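In: Here is the input, now give the coordinates:
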Amino acid sequence: MFTQNKTIMVGDVMIGANNTPKVTRKTFLKEALELMDAKKLGIVCIVSNHGQLEGIITDGDIRRMLTKVQKPIAALMSDDVIDHAIINPTSVRMNSVLVEAVSIMGDKQIWDLPVVDDNNNLKGLLHLHPAIKGLMEKL
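Out: Prediction:
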């Protein structure tokens, strides 16, 4: 069974770039939250004007920030999203073995991994649910 799972790659089950929530570093935090909600994912990727991954922000990051930052919520919503982002997040490549990517997600206790190419250009997003579904279909 494990050998079969080594043939499934991240690119086989990832969410494509067109459906990945992404914003630029100067996007207001409020806009990033609205996009996160619209895409029904707990993450937004932050990319440069050239499409390179600069960071991520997750709903968990926002929850933790709200308990630590002593600033009115209305003021936080007008912050640039990059001000509260995780810079240089863990990411994977499209040709990464899916079972290994899921293992990383488990170790780090995260639901999503940005998928990038060798130049750190955002190619999509690996979300835990489709990843597990992909693995289960091969059993």
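In: Next SSE downstream of the one helix or strand in the chain whose mean pLDDT sits lowest?
Out: When each helix and strand of the chain is scored by mean pLDDT, DSSP states H and E, helix 2-5 comes last, with a mean of 52. With elements assigned by DSSP states H and E, the helix or strand that comes after helix 2-5 is helix 10-13.
In: residues of that next one that come out buried?
Out: By neighbour count on 16 or more other Cβ atoms under 10 Å, the buried set for helix 10-13 is 10-11, 13. Just so you know, the C-beta spots here come from the backbone N, C-alpha and C atoms, and that holds for glycine as well.
In: cool, and stretch 67-79?
Out: Those would be 76, 79, for stretch 67-79 by 16+ other Cβ under 10 Å.
In: residues in contact with the nearest residue to residue 114 once chain neighbours are set aside?
Out: Counting by Cβ to Cβ, 6 or more residues apart in numbering, residue 114 lies nearest to residue 91, which is 4.4 Å off, once chain neighbours are set aside. By Cβ atoms under 8 Å, 6 or more residues apart in numbering, the residues touching residue 91 are 53, 113-116, 120.
In: Determine which two of these are furthest apart.
Out: Largest separation among the contacts of residue 91 by Cβ to Cβ: 113 and 120, giving 13.6 Å.
In: Who has more neighbours out of those two?
Out: Using other Cβ atoms under 10 Å, the more surrounded residue of residue 113 and residue 120 is residue 113, with 26 against 17.
In: Closest to residue 78 out of the buried residues of helix 10-13?
Out: Distances from residue 78 to the buried residues of helix 10-13, taken by Cβ to Cβ, are shortest for residue 10, at 35.4 Å.
In: Quick check: nearest residue in space to that closest one, chain neighbours excluded?
Out: residue 96 (4.6 Å).
In: those strands in this structure, which residues are they?
Out: For the chain, strands defined by DSSP state E occupy the ranges 15-16, 22-23, 43-47, 53-58, 86-87, 112-116, 122-127.
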